[in-house]
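> quick one, what's the 3D model for this:
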Amino acid sequence: MVKEGYLDNMNFKSNEKIKKFLSDFDKFIDYISTKDVTIGKATKYISKKYLFEINEIMSTKQQDVTANSTQPSYPMIYLFYRLAVESKLLSEAKIKGGRLALKPTERIEMFKRLNEVEKYICLLEILWVDCDFEKLEFQSYNDLNVLKVVINMDMFMRKKANKRILVNEFSRDISTILLYFSYFGIMDVLEDAEVKSKYSISKIFFVKEVILTSVGENIIKILDEKRNLAEWNISHRKEYGEFNIEFDEEFFVPFKGIFEDVELEKTLPRRKIKFKDGIYTFKVSLDKGTWSKIQLSAHGTLHDLHNLIQEAFEFDNDHMYSFFMDGIPWSKNSFKCPYDDEGISADEVEIGELELIKKQNFLYIFDFGEDWRFNVEVLVIKKEVIEEFQGEIIESKGDLPQQYPDYDDEW
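Now for the predicted structure:
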């Protein structure tokens, strides 16, 4: 039975758009699971040839693409990629030749055991809770963020299904999310061709108007009233310094009964952080020929690692820094210098809480003016525990860089 104030429940099995969406996601996962699908080391985008092949097997195909089109040219595949990565259905791994590839995890089997409604709400949960909204953006012109989506949700709250809703200029900034909602069957969207024609970029999408579907009217109302994005989006909350975020109730609970013909009882389990004790060996590289190996206890912090890096490279430890755990400079998946006012402080999280794995790489940037960048690789994780181990530099190679070179005073 649906809660008071919501529409009558609906038939899931007769909703062709949602069925097509789920079928396409399954095809995407199955394709990745059976091939060594490589991704770029910097962008982490799927290689072009695989994108073209994936698009060909989709029920909803992206038009006007070629074998040379990059991932942002395929919005639905872009969405599927983010959903699969953020939910840990797929993870990156090194394959022959040092290339990076997407590999299936054990969570795929858990996902496949869900019924169709459970899969659908699970994917909605991943979008709403686990995705960094800035990374969801496939268009460079948008400034997509959680707060803009929260503000614009009000535009739909007083609207009924099957009624046209004009999208104003401010709301066009969330065109990406509106397009993704259309894939979910929450709404139909009409592209604003007139505004698009004013831009020289070919791959761009502006929404002119939307029409909520019957299921969409229900879902939007529940998201707005019961699952406020600012309170449920993990990436957004981490920006304000929260870590190891947990919820008192499963995301799917208020959606129970929204469909009359299929039960909604479970979802993918939320991954709780498991402390991994031991001694960690990191290789910190400025370039191929200049590096240091550092050992640190699982109970040490990233701030301790920062201090050891400073010591290893004989820097003065006189500027701010950040660790970017996805290897992407200035991403929100980061831990900040304790003197930074935003984000999670590096001295509040122990190494053993980071769920690091062997061969994982992340980025350390020191002195945001000079922009010293170091790659940090996890070489070894030994399970042994040494009481009060403070960490040490065990090996170094290459000429140390000068933090402040002696410039010739002559003109």
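> shouldn't Tyr81 be within a helix?
Yes. Checked against DSSP: H, G, I helix; E, B strand; the rest coil, Tyr81 lies within a helix.
> so it makes contact with Ile46?
Yes. Judged on C-beta atoms under 8 Å, Tyr81 makes contact with Ile46 at a distance of 6.4 Å. Backbone N, C-alpha and C define where each C-beta goes, glycine included.
> got any residues that touch both of those two?
Common neighbours of Tyr81 and Ile46 are listed as Gln71 (criterion: C-beta atoms under 8 Å, 6 or more residues apart in numbering).
> can you count the residues close to Ile77?
A count of nearby residues for Ile77, using other C-beta atoms under 10 Å, gives 22.
> ignore what I typed, I meant Pro269.
Counted with other C-beta under 10 Å, Pro269 comes out at 9.
> got a pLDDT number for it?
Listed pLDDT for Pro269 reads 93.
> what does Ser200 give?
Here the pLDDT value assigned to Ser200 is 62.
> do the same with Gly98
For Gly98, the pLDDT comes out at 82.
> how about Lys196?
73.
> what does the one 10 residues further on give?
For Phe206, the model assigns a pLDDT of 87.
> residue contacts, Phe324?
Phe324 sits in contact with 330-331, 333-334, 362-365, where contact means C-beta under 8 Å, 6+ apart.
> how about a cut-off of 6 Å?
331, 334, 363 (C-beta atoms under 6 Å, 6 or more residues apart in numbering).
> can I get the residues you listed in TSV with neighbour count?
Supplementary listing: those in TSV, determined by neighbours: other C-beta atoms under 10 Å:
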residue	neighbour count
Ser331	16
Ser334	24
Leu363	19
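> columns secondary structure on top of those, output as CSV?
Listed next are the contacts of Phe324 as CSV, based on three-state DSSP:
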residue, secondary structure
Ser331, coil
Ser334, strand
Leu363, strand
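> pick out whichever of those residues sits closest to Glu263.
Ser331 (38.4 Å; C-beta to C-beta).
> out of the contacts of Phe324, who's nearest Arg99?
Looking across those and measuring by C-beta to C-beta, the closest to Arg99 is Leu363, at 19.0 Å.
> measure the closest one to Ala298 for me?
As judged by C-beta to C-beta, to the nearest Å, Leu363 and Ala298 stand 21 Å apart.
> contacts for the helix or strand of the chain with the lowest mean pLDDT?
In the chain, no helix or strand scores lower on mean pLDDT, DSSP states H and E than helix 193-196, which sits at a mean of 78. Contacts to helix 193-196, defined as C-beta under 6 Å, 6+ apart, come from residues 204, 206.
> at 8 Å instead, please
Contact with helix 193-196 is made by 172, 204-206, 208, as judged by C-beta under 8 Å, 6+ apart.
> distance from the chain centre to stretch 92-101, please.
Centroid separation for stretch 92-101 versus its chain: 20 Å, with C-alpha atoms, centre = their mean, to the nearest Å.
> and if you look at stretch 349-360?
The chain centre lies 18 Å from the centre of stretch 349-360; the measure is C-alpha atoms, centre = their mean.
> also stretch 251-264?
26 Å.
> can you give me the buried ones in that stretch?
By neighbour count on 16 or more other C-beta atoms under 10 Å, the buried set for stretch 251-264 is 251-252, 254-256, 258-259, 264.
> and which of those residues is nearest to Val284?
For the buried residues of stretch 251-264, the nearest to Val284 is Phe251 (38.4 Å; C-beta to C-beta).
> strands along the stretch 151-300 of the chain, start to end?
164-166, 187-191, 207-212, 279-287, 290-297 (DSSP state E, counting those that start in this stretch).
> what's the third one packed up against?
Going back to what we said before, that points to strand 207-212. Secondary-structure packing of strand 207-212 (3 or more C-beta pairs under 8 Å, 6 or more residues apart in numbering; DSSP states H and E): strand 164-166, helix 175-183, strand 187-191, helix 193-196.
> could you rerun that using 6 Å?
Packing contacts for strand 207-212, counted by 3 or more C-beta pairs under 6 Å, 6 or more residues apart in numbering; DSSP states H and E, involve strand 164-166, helix 175-183, strand 187-191.
> do the shortest one as well
Here strand 164-166 touches strand 207-212, going by 3+ C-beta pairs under 6 Å, 6+ apart.
> before we move on, back to that, please work out which of the helices and strands packed on strand 207-212 is packed deepest.
helix 175-183 (a mean of 22; mean count of other C-beta atoms under 10 Å).
> okay, that helix in PDB with CA atoms only?
Output of helix 175-183 as PDB, limited to C-alpha atoms (Å, rounded to 0.1, in the frame of the first residue of the first chain):
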ATOM      1  CA  SER A 175      20.000  19.500 -17.900                       C
ATOM      2  CA  THR A 176      22.300  16.500 -17.400                       C
ATOM      3  CA  ILE A 177      20.200  15.300 -14.400                       C
ATOM      4  CA  LEU A 178      17.000  15.800 -16.300                       C
ATOM      5  CA  LEU A 179      18.300  13.800 -19.200                       C
ATOM      6  CA  TYR A 180      19.300  11.000 -16.700                       C
ATOM      7  CA  PHE A 181      15.900  11.100 -15.200                       C
ATOM      8  CA  SER A 182      14.500  10.500 -18.600                       C
ATOM      9  CA  TYR A 183      16.500   7.400 -19.000                       C
END
